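S.K.: Sequence first, then the predicted structure, then my questions.
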Amino acid sequence: MYDVILCGARCAGAPTAMLLARKGYKVLLVDRAGFPSDIPHGHFIHRQGPQRLARWGLLDRITKTGCPQISAFATDYGDGLLTGHELSVDGVPIGCAPRRWALDTVLAEAAVEAGAELRVGYSVQAYVGDGERITGITGRAVGGSASCTDLARVTVGADGRNSKLAATVRAKTYETSPALTCWYFSYWSGVPTPGLELYLRGDSVIFVFPTNEGLTAVFVAWAAQHFPLVRQDVEAHFMTVVDQVPDLSGRVRAGRREERFFGASDLPNFLREPYGPGWALVGDAGCHKDPFLALGICDALRDAELLAEALDDGLSGRRPLNLALADYERRRNEATTADYQLNLHLARFRPLPPEALLVRAAVRGDPEATAQYYLMNQGFLTRERFMGSEKIQRLVAQASSSAA
């Protein structure tokens, strides 16, 4: 009998298992894959994700996989390039982009080191219950014939947007929106980049960042209705968008593409009821959103921490488990709602609000103010503190006067 079984051992399940095991709980972590293994998903981490990894003692391990730290952001929402440098907090960069074979391996190994039991190459066949609550799983080794059943006080689905556990318990969704974008991406050698680059061009957007093995990732998204056309000739449509940014185009065309193009179009947006009798959801299983703001991994790390705290409260007896998990949902929603709504706005390729464009115009040309702007966007400064600064107020007044 386990305290917790987690189904899915990647960026949501593994840290949840690690945090619970560090508290002394008996944890089983299962995944159909083995590690290291890659998955064709975005992998940029920001919004305090690197800070969580550092606090857990894992950021240095990720850096040692050959993943560069990212402390420069350059964004162009059609208003010109705005670049911030030296973006770090207490020596920790505000961004990193490890390939999933690197990140997920570090996270799974950390869970095992903490005391969690890990089964890889393991397929969950069904979730079992007693008629009132989920009580565990039945599964088997991939390719094997013998099945076994394992029981737990709580079973957690960290099994992605198409969560089998969510389907089993018929977890309700809310704040839903259909897919808004489609994406293709690949990896180049010989393409220098200072950090994260974002370029919005009409109803397409480009993301560029350095990753493992000296490679540069280039992602392009279009409005979802363009997917049938784009997929007919991915490279041609991809480079047509990149060519809209001449400096970037020159760098990419001078480099060498090292991998095939990967694509994604099944990108629904929803929040899901994340708990019930004997079960909980974390990561994309509980909240899935368009990749525009690259929220997936940093939110998964945050929600792993929130869920581990709630399960600790409930399993230890400090609070009734259902109340602790209700608080988990509340805290998750409070943390994610504003970003979730902004993400939907941007994924519809709508312009930034006029006040946001004014602030960008105000800080442009002032490195210190630009750095503060990016730190505010990353959640290290409150908007009130940023906008309350005498310097920012003066710069905004000047920009407003110039615009008039």
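M.R.: Nice, I can see it.
S.K.: Give me the spatial nearest neighbour of residue 102, chain neighbours excluded.
M.R.: residue 65 (3.9 Å; CB to CB, 6 or more residues apart in numbering). (Each C-beta comes from the backbone N, C-alpha and C, glycine too.)
S.K.: Please disregard the earlier target; I meant residue 46.
M.R.: Nearest residue to residue 46 in three dimensions, chain neighbours excluded: residue 95, at 4.5 Å (CB to CB, 6+ apart).
S.K.: Let me see the confidence value for that neighbour.
M.R.: With respect to pLDDT, residue 95 has a value of 97.
S.K.: my read: it touches residue 196, true?
M.R.: Yes. Assessed by CB atoms under 8 Å, residue 95 is found in contact with residue 196 at 5.7 Å.
S.K.: any shared contact partners between the two?
M.R.: 44, 46, 70, 73, 209 (CB atoms under 8 Å, 6 or more residues apart in numbering).
S.K.: Let's see which of the residues you listed end up in strands.
M.R.: 70, 73, 209 (DSSP state E).
S.K.: Just give me the closest of those to residue 374.
M.R.: Nearest to residue 374 among those is residue 73, at 5.3 Å by CB to CB.
S.K.: Could you measure from that closest one over to residue 332?
M.R.: Distance, residue 73 to residue 332, by CB to CB, to the nearest Å: 26 Å.
S.K.: Could you do residue 156 as well?
M.R.: Taking CB to CB, one finds residue 156 at 14 Å from residue 332.
S.K.: Just want to know which of the two has more residues nearby.
M.R.: Higher neighbour count among residue 156 and residue 332: residue 156, with 33 against 22, using other CB atoms under 10 Å.
S.K.: Next, the contact list for the more buried one, please.
M.R.: Contact partners of residue 156, counting by CB under 8 Å, 6+ apart, are 4-7, 13, 16, 165, 279-282, 307.
S.K.: Would you mind listing the buried residues in the helix or strand where it lies?
M.R.: Following DSSP states H and E, one finds residue 156 within strand 148-157. Residues 150-157 are the ones in strand 148-157 that count as buried (16 or more other CB atoms under 10 Å).
S.K.: Equivalent analysis for stretch 377-389, please.
M.R.: Buried-residue list, stretch 377-389, by 16+ other CB under 10 Å: 377-381, 386.
S.K.: now do the same end-to-end measure for stretch 140-147.
M.R.: One end of stretch 140-147 to the other measures 5 Å (CA to CA, to the nearest Å).
S.K.: ok, so what distance separates residue 25 from residue 19?
M.R.: According to CB to CB, residue 25 stands 9 Å off from residue 19.
S.K.: for residue 137, same thing?
M.R.: According to CB to CB, residue 137 and residue 19 sit 20 Å apart.
S.K.: next one: residue 150
M.R.: Relative to residue 19, residue 150 is positioned 20 Å away (CB to CB).
S.K.: And residue 348, by the same measure?
M.R.: 35 Å.
S.K.: Comparing these two, which residue is more hemmed in?
M.R.: Each of residue 348 and residue 19 has its neighbours counted (other CB under 10 Å); residue 19 has more, 23 against 15.
S.K.: sorry, back to before: need the per-residue pLDDT for the residue nearest to residue 102.
M.R.: With respect to pLDDT, residue 65 has a value of 98.
S.K.: can you count the residues close to it?
M.R.: Residues contacting residue 65 under the criterion other CB under 10 Å number 17.
S.K.: what's near enough to touch it?
M.R.: 98-99, 102, 105-106, 212 are the contacts of residue 65 under CB under 8 Å, 6+ apart.
S.K.: helices and strands around the helix or strand containing residue 183, which ones?
M.R.: Per DSSP H and E: residue 183 is located in strand 181-189. In terms of contacts (3 or more CB pairs under 8 Å, 6 or more residues apart in numbering; DSSP states H and E), strand 181-189 is packed against strand 216-223, helix 227-230, strand 256-257, strand 262-264.
S.K.: Could I get the full set of helices for the protein?
M.R.: Using DSSP state H, the helices found in the chain span residues 13-22, 49-55, 59-64, 100-114, 164-169, 227-230, 234-242, 246-254, 296-315, 321-347, 354-363, 367-377, 383-388, 390-403.
S.K.: And these: which comes nearest residue 178?
M.R.: Of all the helices of the chain, helix 321-347 comes closest under CB to CB, at 10.8 Å.
S.K.: and the angle from that closest one to strand 148-157?
M.R.: Helix 321-347 runs at 60 degrees relative to strand 148-157, counting by axes from the mean of the first three to the mean of the last three CA atoms, to 10 degrees.
S.K.: which residues sit in contact with the residue nearest to residue 382 when sequence neighbours are not counted?
M.R.: Of all residues not flanking residue 382 in the chain, residue 376 sits nearest, at 7.5 Å (CB to CB, 6+ apart). Residues near residue 376 by CB under 8 Å, 6+ apart: 382-383, 385-386.
S.K.: okay, residue 376: pLDDT?
M.R.: For residue 376, the model assigns a pLDDT of 95.
S.K.: Now do it against residue 152, distance only.
M.R.: Distance from residue 376 to residue 152, by CB to CB: 41 Å.
S.K.: Find me the pLDDT at residue 404, would you?
M.R.: For residue 404, the predicted pLDDT is 67.
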